[in-house]
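1. Fold the following.
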Amino acid sequence: MKKINWGIVGCGRIAAQFCEDLAHTNNGVAYAVAARNGDDATAFASKYGAANAYEGYQALFDDKNVDVVYIATPHNFHFKNASDAIKAGKHVLCEKPITVSAEECKQLSLLAKKHDVFLMEAMWTYFLPAIQKAKKWVEQGRIGTIKHVKADFGYPVPFNPNGREYNPDLAGGCLLDMGIYPLAITNYFLNNDLENLHVRANIRYKGVEDDVLITANCGDVMVSLATSFQCRLGNGAYIIGDKG
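-> Down below sits the predicted model:
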């Protein structure tokens, strides 16, 4: 089996978790690591067995032995990092949110098509066995026709004006940080656009939200979603049909 050489962009907590999990696969290796600080890249590469460490991202994108790039930088850098990787001919797996706006996502998709490379948001939720089993049950008609989707995800995040979560320049806010999971679940099961959106948000700091409630419909399906930095929510998803 061919080993896939992964190039890791960013050396934070999520990148570390990715590399720890990658070690359990039989077809992928952490081949190269890049960070803005060369010492950080070297230390990370040493810890996770990567053969190469780069100061700056472009050198990793230009490495001909890198098959696919995993991007784990802060949200607001995703578009730039992914664009540069795609232009270098690399396949890209980018942490959520893949971009911070719909327009950026459209541009990335078009760029990936132009360069004939694979582009994907690293939404691990889709691959959870429980989620895949539930999707199969829905497709088999076990709960009948879907009528409601209810999902939420939230944990207390102490207010820190200097932290990433509340920094508007780093695409802070609970919607992109945690609310993306209820939205992803909804999209996975309904696979269509939400309509008649009603959104209530509590703005905490410089336009950054720390609590959001969304109601909408998707055809005949009623949708209610929530996310929060203020408190721990139920952190569950309910797919409700007319038979279960």
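
2. contacting residues for the residue nearest the centre of the chain?
-> Nearest to the geometric centre of the chain sits residue 96, at 1.7 Å (C-alpha atoms, centre = their mean). Counting by C-beta atoms under 8 Å, 6 or more residues apart in numbering, residue 96 makes contact with 121-123, 176, 180, 184. In short, each C-beta sits where N, CA and C put it, glycine included.

3. 10 Å instead?
-> 14, 75, 78, 121-125, 176-177, 180-181, 183-184 (C-beta atoms under 10 Å, 6 or more residues apart in numbering).

4. Kindly report the same for residue 81.
-> Contacts for residue 81 were tallied using C-beta under 10 Å, 6+ apart; they are 9-10, 34, 57, 61, 69, 71-74, 92, 94-95.

5. one more time with 8 Å, if that's ok
-> When contacts are counted by C-beta under 8 Å, 6+ apart, residue 81 touches 9, 57, 71, 73, 94.

6. Quickly find the element holding it.
-> Assigned by DSSP states H and E, residue 81 belongs to helix 78-87.

7. Do you know the pLDDT at residue 164?
-> You'll see residue 164 listed with a pLDDT of 89.

8. hang on, I meant residue 243
-> pLDDT, residue 243: 97.

9. wouldn't it be in contact with residue 143 here?
-> Yes: counting by C-beta atoms under 8 Å, residue 243 does reach residue 143; the two are 5.5 Å apart.

10. And these two? Which one has more around it.
-> Set residue 243 next to residue 143 and count neighbours by other C-beta atoms under 10 Å: residue 143 wins out with 16 against 10.

11. Quick one: residues in contact with the helix or strand that comes right after the helix holding residue 81.
-> Following helix 78-87 in sequence order, the next helix or strand is strand 91-95 (DSSP H and E). Strand 91-95 has contacts (C-beta under 8 Å, 6+ apart) with 14, 67-73, 78, 81-82, 85-86, 112, 117-122.
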